[in-house]
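> no FASTA, just this:
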């Protein structure tokens, strides 16, 4: 600063008499002499130089005043007396601004307790002699030693104050001249504005928390001073020495000194928990590897801390109101017995980042998302490097199946290729080199695929077409969490797979184990597709778009297996003269048709069942079909159509009759619409969007979207020969057929109907599709859903997934499982604060996981929230064990201890009911007594280093309590200063003594009316 320079008074120029500013301080920068003072010829132009230009210091003071005005801190401050405990339970807020002294920046912060505005009557009651509110707060005893507050609040008991500190953390005001300059600045600013809020300046390095300040009122001023020492003078380690320095400082001129009020707090720290072993046992890894792990173990996440999450217990014994002379505390003897203290309060210090099992599982699994390697790179590409054609067994399996070959088809199946490749992988890699040993792998596979344990797989399939996971889902909030998290149901295969991969990643080989299990999983999917075995743990029907994409893919594969299995069973049924259309309303005609060509349908080559675009369900060629029916054109008249045989009927549609033939209207057997996963829907929407808005694009878009409509029309025509479009609309879209009651020529009321306006639009897609549709039953139509192609696409999608991709897909399932685990554990403890956090986790997770590719930062926030809940529950169990809540036989005392433990978790400091004589107090006393007895004799150096040796001799309770870690003393008095006839003003001194440092914080008031 410019103000630091030493300047001689001879160089300072006097201010102009009209200057509104205050006289300059000798520490200000010198003002240069103006040319106007030197003798100049009268002929030159006369110049006036303004010597009242503000200096940097004056600008700095002006900025302070401006901030105080902006924050409306000027004038008389008023408020209600402070209630007990308001510093802890109330709301503290702060406002900040930035000012500068030359090029040195300061931050100005206003800290204040939010209170209801006081009544106007309160201001009127304040007389002219009333002390400013901060000075009244100095003597208030309702909020001594607040557990959580700004240090100035704890030291001085203020409800409102302003702090000016260097803006940068590494800046500091160290020199005495700068400190005095800043103190002068705030004194002038307070005097100019009439502000009664205390103003503090932070000096020295910030870690020292050194403040000096001032508070001004009408005719009074309070100076805030501070002393901070590393080594404690021996005379200040006890109460009598502190009283001496307090009385000396206030310098009371009265002979009988007014009484001094005292508040004393001794803090004892318990660190030794050796007599209470931590109840949480880590999982037995040997048991996990040794095959003792059943399905239940693999389906659950671990929970709990591996170390004690409570590191220390702090006991504060307080004597709140003591008059001088009641207590003796000097260097020889002390009456301060903790057991006799009227108030006890306890706080616990939590271990920094305790190791918790659930948190470790989540963190390690999340790390997988950042891996770059593919499965082949992790397991070794050489596993597939074999000579000859065998090197391409898996990749070219389908092409080999479709090539003409003299060998039987079963030997060329994809399954045989897969098992051949698996043998070569194991042979090349060796059993010992596999990341997962066979016992663990078999246990996991049996857990994921329980139907594999049944040797009679066909019997199992006939007994139930789906797994136990296909049962109707229970209607409860926890089960339906998957729809919020976009994960998977908690009884699904995807959910179980996620849990298994999470456990393998943590216990069984990390990313290599994950890649190994995923490879085995994909091979199992291929095997089930080839052999028509439904995948267990997946709900029936189309993919559930509320679930993650991987779950949808597995559901899609299950749909393909189900369609393929039904088709194969249909072929076998046709061999046994069973009609595929047996459910039709026209069973005899359906039977005739299926009986016409049993040999043709059975004798088809494999190519006719491939995934070509011309594939049909058990169909004859169109030419043969139409030739037999005499139908060569789909647009022939209704008379010719009546001659067709009805096919593919399901059941009559109530009382509806066809309009023209007058026969009953039959509901046809239709093809189910093609199931779609969300990525396929997105691709389809992109293709449709690229067609543009032109008429041709719109027409093409409509045709693409009407494939299902055309199939249903053909099925309807086959089931209802001679029908018309109106008949189809009455069944398919009844709202588009409008019926009215009219009077005919004979005067009778009849009901007539017609198509809606949108159906009559020229070139309507419904009309075009109806004219194009041929009477073909569903079983002989081209497949809307090509299960072979879709299954191969799903299997390829699964095979190319990297472990990182897999972890991304399954992370919502892991978070879902973690939330369920946390809810389950919380239900055992019943902690209200944890319930609120769990609700926040669910809300936050549902917003983040709802969209694809959530940000890593947001995912880390969710994991951190889950870890914090786990730590809170672990702390609750630790405290319960230490306070013996479960062992307490008295129900009333047990409830009191339970409330006490819950309060320790939720509040910064908890009062002990009954102090040392209550149930909780007696337990705490025993904890300290046992801790004192456990340790052996300490080393000589430690004994010398401890300041408690003298303390123990003074207290005489060394066998029960250790020396206090902290001693806090507050001394108060109302004394006239500086003269006997001055107004009696509040004086306060706070002292804290710890093993590291010693601090005195004093607030000394003086009457400035005549001084």
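Arrived safely. Because the structure is a prediction, the values reported are computed rather than measured. Numbers count the residues shown, from 1 in each chain.
> Okay, now the unreliable bits of the stretch 551-700 of the chain?
Residue ranges of the stretch 551-700 of the chain with pLDDT under 70: 571-643, 688, 691-699.
> mean confidence for stretch 309-328?
The pLDDT scores in stretch 309-328 average 89.
> List the buried residues for that stretch?
Using 16 or more other C-beta atoms under 10 Å as the test for burial, stretch 309-328 gives 309-310, 313-320, 322, 324. Every C-beta, even on glycine, is put in place using the N, C-alpha and C of the backbone.
> Quick check: the gap between residue 144 and residue 921.
In this view, residue 144 and residue 921 are 20 Å apart by C-beta to C-beta, to the nearest Å.
> and what of residue 371?
Where residue 921 is concerned, residue 371 sits at a distance of 54 Å (C-beta to C-beta).
> Report the central residue of this protein.
The residue lying closest to the centre of the chain (C-alpha atoms, centre = their mean) is residue 862, at 2.3 Å.
> What are the neighbouring residues in contact with it?
815, 841, 844-845, 848 (C-beta atoms under 8 Å, 6 or more residues apart in numbering).
> Name the helix or strand for it, please.
helix 856-883 (DSSP states H and E).
> Distance from the chain centre to that helix, please.
Centroid separation between helix 856-883 and its chain, computed with C-alpha atoms, centre = their mean, to the nearest Å, is 12 Å.
> buried set for it?
859, 862-863, 865-867, 869-883.
> Which member of the contacts of residue 862 is positioned nearest residue 790?
Checking the contacts of residue 862 against residue 790 with C-beta to C-beta, the nearest one is residue 815 at 29.5 Å.
> what's the angle from the host helix or strand of that closest one to helix 856-883?
Secondary structure assignment for residue 815, by DSSP H and E: helix 803-829. Per axes from the mean of the first three to the mean of the last three C-alpha atoms, to 10 degrees, the angle that helix 803-829 makes with helix 856-883 is 30 degrees.
> Helix or strand next in line after helix 803-829, which one?
Assigned by DSSP H and E, the successor of helix 803-829 is helix 832-849.
> Buried ones in that following helix, by neighbour count?
Result for helix 832-849 [16+ other C-beta under 10 Å]: buried residues 834, 837-838, 841-842, 845, 848-849.
> I figured residue 162 was touching residue 110, is that so?
Yes. With contact defined as C-beta atoms under 8 Å, residue 162 reaches residue 110; the gap is 5.1 Å.
> Show me the common contact partners of those two, please.
73, 197.
> Which residue of these two possesses the greater neighbour count?
Between residue 162 and residue 110, residue 162 has the larger neighbour count (other C-beta atoms under 10 Å), namely 26 against 18.
> ok, back up a step: which elements pack onto the helix holding residue 815?
In terms of contacts (3 or more C-beta pairs under 8 Å, 6 or more residues apart in numbering; DSSP states H and E), helix 803-829 is packed against helix 357-368, helix 481-485, helix 493-507, helix 510-531, helix 549-575, helix 832-849, helix 856-883.
> can you put those in a markdown table and add distance to residue 48?
Putting the helices and strands packed on helix 803-829 into a markdown table (distance: least, C-beta to C-beta, whole Å) gives the following:
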| stretch | distance to residue 48 |
| --- | --- |
| helix 357-368 | 74 |
| helix 481-485 | 77 |
| helix 493-507 | 83 |
| helix 510-531 | 83 |
| helix 549-575 | 82 |
| helix 832-849 | 68 |
| helix 856-883 | 63 |
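> which one of those helices lies closest to residue 261?
Smallest distance to residue 261 across these (C-beta to C-beta): 35.1 Å, for helix 856-883.
> what's in contact with stretch 263-274?
Applying C-beta under 8 Å, 6+ apart, the contact partners of stretch 263-274 are 141, 144-145, 239, 308, 310-322, 327, 329, 336, 338, 341, 882, 927-928, 931, 934-935, 961-962, 964-970, 972.
> all helices for the stretch 1-150 of the chain, in order.
With DSSP state H, counting those that start in this stretch, the ranges of helices along the stretch 1-150 of the chain come out as 56-70, 86-89, 120-125, 133-138.
> Next, the buried residues of the shortest one.
The neighbour-count check on helix 86-89 (16+ other C-beta under 10 Å) flags 86-87 as buried.
> From here on, call the first residue 18.
Okay, residue one is now 18; in that scheme the one you just asked about reads as helix 103-106.
> any idea of the mean pLDDT for that helix?
Mean predicted lDDT for helix 103-106 stands at 88.
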